[in-house]
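> Requesting a structural model of the entry that follows:
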Amino acid sequence: MRFSRLALSLVLIATAAYASSTQHPAAATPAHPAQATTPGESPEQRTERAFDALRNSPPAMYGFLRSMPKGSDLHNHLTGAVYAESFVRFAVANNLCADRKTLNLTAAPCKEGQVEAKQALSDPVLYRDMLANWSMLGWPMSGKSAHDHFFDTFLRFDKAVPGHYGEMLAEVAQRNAEANVQYLELMLSPDEFISIGFGMKSAWNDDFGKMRTAMLDGGLRDIIAQTRKNLDQWEASRDEILRCHSSNKSLAEPGCAVKMRYIFQILRGFPREAVFAQLITAFESAAQDHRLVALNLVMPEDAYIPMTDFRLHMRMISYLKEIYPNVHITLHAGELAPGLVPPDGLRFHIRESIEMGKAERIGHGVDAMYEDDPQALLAEMARRDIMVEICLTSNDQILGVKGKSHPLASYLKAGVPVSISTDDEGVARSEMTREYMKAVYEQDLDYLTLKKMVRTGIEHAFLPGPSLWQDGRRFVMNHECSADRPGNRSLSAGCQKFLGSSQKAHEQWRLEQKFAEFESKY
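As a prediction, the model looks like this:
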């Protein structure tokens, strides 16, 4: 079917080109290839034909995908989403020094072997080296594995981050607006890692209840209060940069339209006391602040503590989830590949993250087919509607897993819900449209599958309120809005009331409006 549609589209394009060559030279050129209208054919079907016709032209396909609504990015680390060029500016603003060999940043004054970061603004070699060492740009020449170079970048530029969270949020919002992404769940540490130091000074006694009480009474409540103040300040800075509250609406940047929510990240590579303190801070903060919609464990899954304390971490989360039942959980699990850990390390992380860690979504899930009884695992995920956050560029760069080696096709075949995310678009030198390019050319996905994945992302977003869909698999609209059409300007009173009462349904309707507008062009 795809080949026949392609052949038909090429004939139509050639015919349109010949006809246009006979017109006056000043005649306007249409923004999209001419399409024949088949009786009864929907805008979605015409858009699907246009998509198929572009498969042999990656540059043209990129243009199509950039314009296509992409809904959400649900797996995106804030510090990893910012490009190294920005961290150079932040390092200069923070008056930092850079080691000439490692490019690690330290506070002034500079010592032997170090230079002021501001020198990069006039030294093209230093600037180039900073970009290479603070992103995957320099991985081929680093002498390290892609995995190690990737994770080491965060240690090099981390001191450039303080004081610039508002700028980082603004950068990510703007880039995603340009990629037609409307909703973000960004992983960050809104306590600025203070709970880690607090936990390191705490005693461990294997009694989660006693430790939680002691930590809250011993100072964690103050850290939690500061967490909220930090988010207030960062968002205010973001909005000021983007001019979101300008009296002249035309001055507001497109990034203002991107809705942001946050996932409290827990650095799991620290001792158990520090991990537990972070988890309490995350659960308490998310229970009090609607902007914090979930929590997640971060840092390399294959590192010593994340591997040896994995089940302990799951027990911690399971215990705290009972106390804070309304806090959502998404977990990095299965971001592993054969050889990175012993074979038995590949066999249980995804399953136990779901069954013990109460994960509602899984980040990466790359080693799914190496788990014990993988088909039963996928069937369970499909039955329980556990979505997988697919990060194709990241899995390629860090794990060397792509194309047919990636489990995306297995997830789709098993009916497991999936959506596309970027993971660390700045460090990876990527962005959302390129993730969709990889989905098309490395995973051979068609337009309707991509559209389903876009809708699935918003369906599984941690937003309050009922869904727009009575069936979130086949996307059958619920009765409140079943008589309304996203392309129409007016809404029925019932639908309007429903959308006003549900943040999730509001974002879903917003997505459907974007798809209606996009497909109407074809």
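> how many neighbours does the nearest residue to Ala277 once chain neighbours are set aside have?
In space, and not counting its chain neighbours, Ala277 is closest to Gly199: 2.8 Å by Cβ to Cβ, 6 or more residues apart in numbering. The C-beta positions use only the backbone N, C-alpha and C, and glycine is treated the same way. The local packing of Gly199 (other Cβ atoms under 10 Å) involves 24 other residues.
> Contact partners for Ala409?
Gln443 (Cβ atoms under 8 Å, 6 or more residues apart in numbering).
> Over to the one 10 residues further on?
Ser419 makes contact with Gly71, Ser72, Leu74, Met387, Val388, Glu389, Ile390, Met453, Val454, Thr456, Gly457, His460, according to Cβ under 8 Å, 6+ apart.
> Would you list the phi and psi of the fourth one?
Backbone torsions for Met387, taken as degrees, to the nearest 10, come to phi -90, psi 150.
> Give me the number of neighbouring residues for Lys201.
Lys201, neighbours per other Cβ under 10 Å, totals 11.
> Distance of it relative to Met356?
Per Cβ to Cβ, to the nearest Å, Lys201 is found 28 Å from Met356.
> just the contacts of Ser419 now: which is nearest Ile305?
Glu389 (23.0 Å; Cβ to Cβ).
> so where does the nearest residue to that closest one once chain neighbours are set aside fall, helix or strand?
What sits nearest to Glu389 in space, not counting adjacent residues and going by Cβ to Cβ, 6+ apart, is His75, at 3.7 Å. For His75, the host element (DSSP states H and E) is strand 71-77.
> in that strand, what's buried?
Within strand 71-77, the residues that count as buried by 16 or more other Cβ atoms under 10 Å are Gly71, Ser72, Asp73, Leu74, His75, Asn76, His77.
> Just give me how far it sits from the chain centre.
Distance of strand 71-77 from the chain centroid (Cα atoms, centre = their mean, to the nearest Å) equals 2 Å.
> what's next to it, contact-wise?
172, 176, 181-188, 265, 298, 330, 361, 363-364, 389, 391, 419, 421-425, 432, 454-455, 457-458, 460-461, 511.
> Just the CA trace of it, in PDB.
Taking Å, rounded to 0.1, in the frame of the first residue of the first chain, the C-alpha atoms of strand 71-77 are listed here in PDB:
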ATOM      1  CA  GLY A  71       2.200  16.700  22.100                       C
ATOM      2  CA  SER A  72       4.600  16.100  24.900                       C
ATOM      3  CA  ASP A  73       8.100  15.200  26.100                       C
ATOM      4  CA  LEU A  74       7.700  13.200  29.300                       C
ATOM      5  CA  HIS A  75      11.300  12.200  29.700                       C
ATOM      6  CA  ASN A  76      13.600  15.200  29.600                       C
ATOM      7  CA  HIS A  77      16.300  16.100  32.100                       C
END
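> Next SSE downstream of that strand?
helix 78-81.
> and that next one, average pLDDT?
Confidence for helix 78-81, expressed as mean pLDDT, is 98.
> Could you do stretch 188-199 as well?
pLDDT averaged over stretch 188-199 gives 98.
> these two touch, right, Ala303 and Gly269?
Yes: here Ala303 reaches Gly269: they are 5.2 Å apart, a contact under Cβ atoms under 8 Å.
> Settle it for me: which of these two has more neighbours?
Gly269 (18 against 13).
> For the residue nearest to Ala277, what is the enclosing helix or strand?
In this assignment (DSSP H and E), Gly199 forms part of helix 194-200.
> Kindly report the same for Gln45.
Applying DSSP H and E, one finds Gln45 within helix 43-53.
> For that helix, C-alpha coordinates in PDB please.
The C-alpha trace of helix 43-53 is given here as PDB (Å, rounded to 0.1, in the frame of the first residue of the first chain):
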ATOM      1  CA  PRO A  43      -7.700  15.000   6.000                       C
ATOM      2  CA  GLU A  44      -5.900  12.400   8.100                       C
ATOM      3  CA  GLN A  45      -5.800  10.000   5.100                       C
ATOM      4  CA  ARG A  46      -4.500  12.800   2.800                       C
ATOM      5  CA  THR A  47      -1.800  13.700   5.400                       C
ATOM      6  CA  GLU A  48      -0.800  10.000   5.500                       C
ATOM      7  CA  ARG A  49      -0.400   9.900   1.800                       C
ATOM      8  CA  ALA A  50       1.800  13.100   1.900                       C
ATOM      9  CA  PHE A  51       3.900  11.500   4.600                       C
ATOM     10  CA  ASP A  52       4.400   8.400   2.500                       C
ATOM     11  CA  ALA A  53       5.400  10.400  -0.500                       C
END
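> Give me the ChimeraX select line for the contacts of Ser419, limited to the buried ones.
Entered in ChimeraX, the line below selects the buried ones among the contacts of Ser419, by 16+ other Cβ under 10 Å:
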select :71,72,74,387,388,389,390,453,454,456,457,460
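> The closest residue in space to Met369 that isn't next to it in sequence: neighbouring residues, count only.
Once flanking residues are discounted, Met369 sits nearest to Pro407: 5.5 Å by Cβ to Cβ, 6+ apart. Residues lying near Pro407 (other Cβ under 10 Å) number 25.
> contacting residues for Pro407?
Contacts of Pro407 (Cβ under 8 Å, 6+ apart): Gly365, Val366, Ala368, Met369.
> quick one: which of those residues has the most company?
Going by other Cβ under 10 Å, Gly365 tops those with 34 neighbours.
> Quick check: the gap between that one and Arg383.
Distance from Gly365 to Arg383, by Cβ to Cβ: 16 Å.
> Gly219 too?
Gly219 is 43 Å from Arg383, by Cβ to Cβ.
> what does Glu322 give?
Taken as Cβ to Cβ, the span from Glu322 to Arg383 is 23 Å.
> swap in Phe150?
34 Å.
> Give me the more crowded residue out of these two.
Neighbours were counted for Phe150 and for Arg383 using other Cβ under 10 Å; Phe150 has more, 23 against 11.
> Now do the phi/psi pair for the residue nearest to Asn94 when sequence neighbours are not counted.
Nearest residue to Asn94, sequence neighbours excluded (Cβ to Cβ, 6+ apart): Ala160, at 6.0 Å. Main-chain torsions, Ala160, degrees, to the nearest 10: phi -80, psi -10.
> does Ala160 really touch Asn95, like I thought?
No: assessed by Cβ under 8 Å, Ala160 is found out of contact with Asn95, at 10.7 Å.
> Common neighbours of those two, please.
Ala117.
> ok, and Gly40, which helix or strand is that part of?
Per DSSP H and E, there is no helix or strand for Gly40.
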